[in-house]
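Q: sequence and predicted structure, then a few things I'm wondering about:
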Amino acid sequence: GQQVQQSPASLVLQEGENAELQCNFSTSLNSMQWFYQRPGGSLVSLFYNPSGTKHSGRLTSTTVIKERRSSLHISSSQTTDSGTYLCALETGANTGKLTFGHGTILRVHP
Amino acid sequence: EAAVTQSPRSKVAVTGGKVTLSCHQTNNHDYMYWYRQDTGHGLRLIHYSYVADSTEKGDIPDGYKASRPSQENFSLILELASLSQTAVYFCASSHWGTSAETLYFGSGTRLTVL
């Protein structure tokens, strides 16, 4: 079965609302990363977060290894946050090989 | 700012034809990767390389070859393109090959096989 499960598959928000994106993994974890993909565009790394909580502006990532999950919280969403959010875990030690989830498509309406 | 350039940006190929996707990085990075993304799915690793003249198989290598003639260049080759290889292909690079560092992605190549 798939090693990385993301939920929800899609999410629609009104500007200003908060979002909580989930990533669950079924295999042991070397590390976890979150990426943002603009519609039709490339990927940008948001967080490298193997464990604990990290903050970057309106974004917060929390990884709990024992529970095999990671979350991405977006506060006070903006229309420019629209796009796809992907989590990925490293499956090969020190190779940078990543296994990606299917992503959460976020749409923020004005 | 790290730069990864892919060419072409899009391509239409015929079934059974040969397709070469190119990737060039100016980051002086050792590791380079080829991923494919299908609509509504995440990325899957096809091949990667950590040194020139050497390539490694990723999770879905069947039907693909890779070539790393220099540190800067990494190509993905479809010898006999098939309909199932229609997808968006992303190249990426990183310095040390650990996920603790940032992975830099190209803009992608949209391949349509007819």
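A: Now that the structure is in, tell me what you want to look at. Residues are numbered from 1 along each chain as shown, chains lettered A, B, ... in the order given.

Q: which residues of chain A lie near chain B?
A: Neighbours of chain B within chain A, by CB under 8 Å from any CB of the partner chain: A:4, A:6, A:30-31, A:33, A:41-45, A:48, A:50, A:86, A:88, A:90, A:94-103. Using the backbone N, CA and C atoms, a C-beta is placed for each residue, glycine as well.

Q: ok, whichever residue of chain B sits closest to chain A - contacts?
A: With CB to the nearest CB as the measure, residue B:42 is the residue of chain B nearest to chain A, at 3.2 Å. Residue B:42 is in contact with A:4, A:6, A:86, A:88, A:100-103, counting by CB atoms under 8 Å, 6 or more residues apart in numbering or on different chains.

Q: how near is it to residue B:62?
A: 19 Å (CB to CB, to the nearest Å).

Q: where's the residue most central in space within chain B, which helix or strand?
A: By CA atoms, centre = their mean, chain B has its centre lying nearest to residue B:34, at 2.7 Å. Element membership for residue B:34, per DSSP states H and E: strand B:31-37.

Q: which of the residues of chain A next to chain B are buried?
A: Among the residues of chain A next to chain B, those classed as buried by neighbour count (16 or more other CB atoms under 10 Å in any protein chain shown) are A:4, A:6, A:30-31, A:33, A:42-43, A:45, A:48, A:50, A:86, A:88, A:90, A:95-103.

Q: pLDDT weak spots in chain A?
A: A:1-2, A:29-30, A:91-95 (pLDDT under 70).

Q: kindly state the beta-bridge partners for the residue in it that chain B sits nearest to.
A: Of all residues in chain A, residue A:100 sits closest to chain B, at 3.2 Å by CB to the nearest CB. According to DSSP bridges, the partner residues bridging residue A:100 are residue A:88.

Q: still on that earlier bit, and the gap between the residue of chain B closest to chain A and residue A:26?
A: Distance, residue B:42 to residue A:26, by CB to CB: 15 Å.

Q: how about residue B:63?
A: For residue B:63, the distance to residue A:26 - CB to CB - is 27 Å.

Q: quick check: closest non-adjacent residue to residue B:18.
A: Leaving aside its sequence neighbours, residue B:18 sits nearest to residue B:79 (CB to CB, 6 or more residues apart in numbering or on different chains; 5.7 Å).
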